[in-house]
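In: Predicted structure and sequence below. I'll ask about it afterward.
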Amino acid sequence: MPQPTVSILMPCHNAARFLPAALDSILAQTLEDWELITVDDGSTDATPEILAEYARDARITLLRRSHGGIVASLQDAAEVARAPFLARMDADDISLPGRLEAQLRFLETHPSVALCGTQVEMIGAELGEGRLRYRDWLNALVTPADVACEAFIECPVAHPAFCMRRESFEAVGGYQDKGWAEDYDLVLRFLAAKHEVTNVPQVLLHWRESPGRLSMRDGRYEETQFRACKRHYLKRLYLNGDGPPLYQWGAGEVGKRWLRDTDAFPIEAVVDIHPRKIGTKIHGVRVIAPDDLPPAGDCRILVAVGAPGARENIREWLDPRGFREGDDYRFIA
């Protein structure tokens with residue numbers, strides 16, 4: 001068959017309940033020049049039969065393997081993909097009909113962008129406040145600058161919405177299993193390699209929330225592993241080489257979790273506005289008031305706060321004093 005424009009990678013493990021709807025959403029794409037590489041990752045339900053039925057379409061390839069997890073499945077799929085662009089799809093989500101066409105058009109008109117996602121709508125199980133806040137946060141990241149500034153808060157692109165240049169994907173090493181979330185790791189490697197990442201400003205994916213989803217039951221997605229991933233890439237992206245002293249803004253619950261990891265990078269002092277904390281020590285680090293910070297250019301600041309509105313308030317304090325987000329200070333969570 002002729003080379004397709006985009007190869008879609010879709011691992012499947014015991015996905016029979018929602019799999020037909022996911023596959024139908026790919027068949028309904030306005031862009032028809034695609035190949036879909038499905039990987040049956042040792043399923044024990046009807047997933048293999050469903051995939052085999054849909055693979056009657058010559059654009060759909062079915063790979064079978066013993067159960068090895070999502071990273072191994074993605075590596076297998078990427079190895080046989082033939083297109084210059086790679087897209088992701090999960091077996092329980094819905095791609096809206098114009099998704100692939102919009103993403104490829106975006107990449108063609110934004111040559112500096114190596115990976116783009118889309119805005120998303122959550123479907124399925126009832127959404128808690130945290131997931132709704134994450135959805136709204138992610139959907140607001142629609143420029144490479146947005147993503148670069150916010151990348152150490154959470155994964156700034158929904159994994160099943162990935163669409164990326166194969167050349168850039170291979171240059172950063174493709175999917176790897178480092179003991180933490182494979183999608184977040186890939187995004188941060190793109191950024192570390194100076195590739196731009198962003199989201200198309202359209203809702204083009206319905207992302208299913210389910211109590212059984214992988215991120216709810218796999219240890220690689222636990223908070224401690226996310227923080228380990230962030231520490232690893234903070235060193236590469238922001239704390240590499242010599243630089244001015246490092247401060248942390250935030251001594252609440254989010255800040256304390258990071259202060260427990262001060263062996264990762266030494267913190268000069270932690271900034272807080274609570275009068276009872278100022279002058280004390282938290283996890284061996286002294287607490288100072290914002291006015292005690294060195295001037296812009298003489299320090300770097302990791303801002304670890306989680307209260308609603310806190311990030312906006314801190315920006316309003318730092319920016320007028322000459323601190324530049326991304327250079328002098330960066331938000332983490």
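Out: On my side now, so go ahead. Numbers count the residues shown, from 1 in each chain.
In: Name the next helix or strand downstream of the lowest-mean-pLDDT helix or strand in the chain, please.
Out: Least confident helix or strand, the chain: helix 214-217 with a mean of 59, by mean pLDDT, DSSP states H and E. Next in sequence after helix 214-217, counting helices and strands by DSSP states H and E, comes helix 223-237.
In: Quick check: buried residues in that next one?
Out: 225-227, 229-234, 237 (16 or more other CB atoms under 10 Å). (Glycine included, C-beta is placed from N, CA and C.)
In: Quick check: phi and psi on the nearest residue to Ala22 once chain neighbours are set aside?
Out: Nearest residue to Ala22, sequence neighbours excluded (CB to CB, 6 or more residues apart in numbering): Ala91, at 5.3 Å. The phi and psi torsions at Ala91 (degrees, to the nearest 10) take the values phi -80, psi 0.
In: hang on, Ala91 packs against Asn14?
Out: No. Taking contacts as CB atoms under 8 Å, Ala91 lies outside contact range of Asn14: 9.2 Å.
In: Compare neighbour counts for those two and give me the winner.
Out: The neighbour comparison of Ala91 against Asn14 (other CB atoms under 10 Å) goes to Ala91, with 28 against 17.
In: measure the more buried one to Met10 for me?
Out: 6 Å (CB to CB, to the nearest Å).
In: Which neighbours do those two have in common?
Out: Contact criterion CB atoms under 8 Å, 6 or more residues apart in numbering; residues bridging Ala91 and Met10 by contacting each: Ala22.
In: for this protein, what spans make up the strands?
Out: Listed in chain order, the strands found in the chain under DSSP state E are 6-12, 34-41, 60-65, 85-88, 94-95, 113-124, 163-165, 196-209, 246-249, 269-271, 281-282, 285-288, 300-304, 329-332.
In: buried residues in the longest one?
Out: Under the neighbour-count criterion of 16+ other CB under 10 Å, strand 196-209 has 196-200, 202, 204-209 buried.
In: for the third one, same thing?
Out: Within strand 60-65, the residues that qualify as buried by neighbour count (16+ other CB under 10 Å) are 60-63.
In: Starting from it, tell me which strands it pairs with and how they run.
Out: Sheet partners assigned to strand 60-65 using DSSP bridges are listed as strand 34-41 (parallel).
In: orientation of the strand it pairs with relative to strand 6-12 in degrees?
Out: 20 degrees (axes from the mean of the first three to the mean of the last three CA atoms, to 10 degrees).
In: any idea of the mean pLDDT in strand 34-41?
Out: The pLDDT scores in strand 34-41 average 98.
In: export that strand as PDB, just CAs?
Out: This file holds the C-alpha atoms of strand 34-41, laid out as PDB (Å, rounded to 0.1, in the frame of the first residue of the first chain):
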ATOM      1  CA  TRP A  34      -4.100   7.000   7.600                       C
ATOM      2  CA  GLU A  35      -3.000   3.700   8.900                       C
ATOM      3  CA  LEU A  36      -4.100   2.400  12.300                       C
ATOM      4  CA  ILE A  37      -1.700   0.100  14.100                       C
ATOM      5  CA  THR A  38      -3.600  -1.800  16.900                       C
ATOM      6  CA  VAL A  39      -1.700  -3.900  19.400                       C
ATOM      7  CA  ASP A  40      -3.600  -6.600  21.300                       C
ATOM      8  CA  ASP A  41      -1.500  -6.700  24.500                       C
END
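In: Contacts only, for the closest residue to Glu167 other than its chain neighbours.
Out: Once flanking residues are discounted, Glu167 sits nearest to Pro84: 7.3 Å by CB to CB, 6+ apart. Neighbouring residues of Pro84 by CB under 8 Å, 6+ apart: 3, 5, 165-167.
In: now Glu121
Out: Per CB under 8 Å, 6+ apart, neighbours of Glu121: 135, 203, 205-207.
In: how about a cut-off of 6 Å?
Out: 203, 206 (CB atoms under 6 Å, 6 or more residues apart in numbering).
In: So what pairs up with it in the strands?
Out: Bridge pairing for Glu121 - DSSP bridges - gives His206.
In: And the pLDDT for it?
Out: 97.
In: Could I get the strands of the chain in a markdown table, plus columns for distance to Gln103?
Out: Formatted as a markdown table, the strands of the chain follow (distance: least, CB to CB, whole Å):
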| stretch | distance to Gln103 |
| --- | --- |
| strand 6-12 | 8 |
| strand 34-41 | 11 |
| strand 60-65 | 19 |
| strand 85-88 | 7 |
| strand 94-95 | 10 |
| strand 113-124 | 6 |
| strand 163-165 | 4 |
| strand 196-209 | 6 |
| strand 246-249 | 36 |
| strand 269-271 | 40 |
| strand 281-282 | 44 |
| strand 285-288 | 44 |
| strand 300-304 | 32 |
| strand 329-332 | 27 |
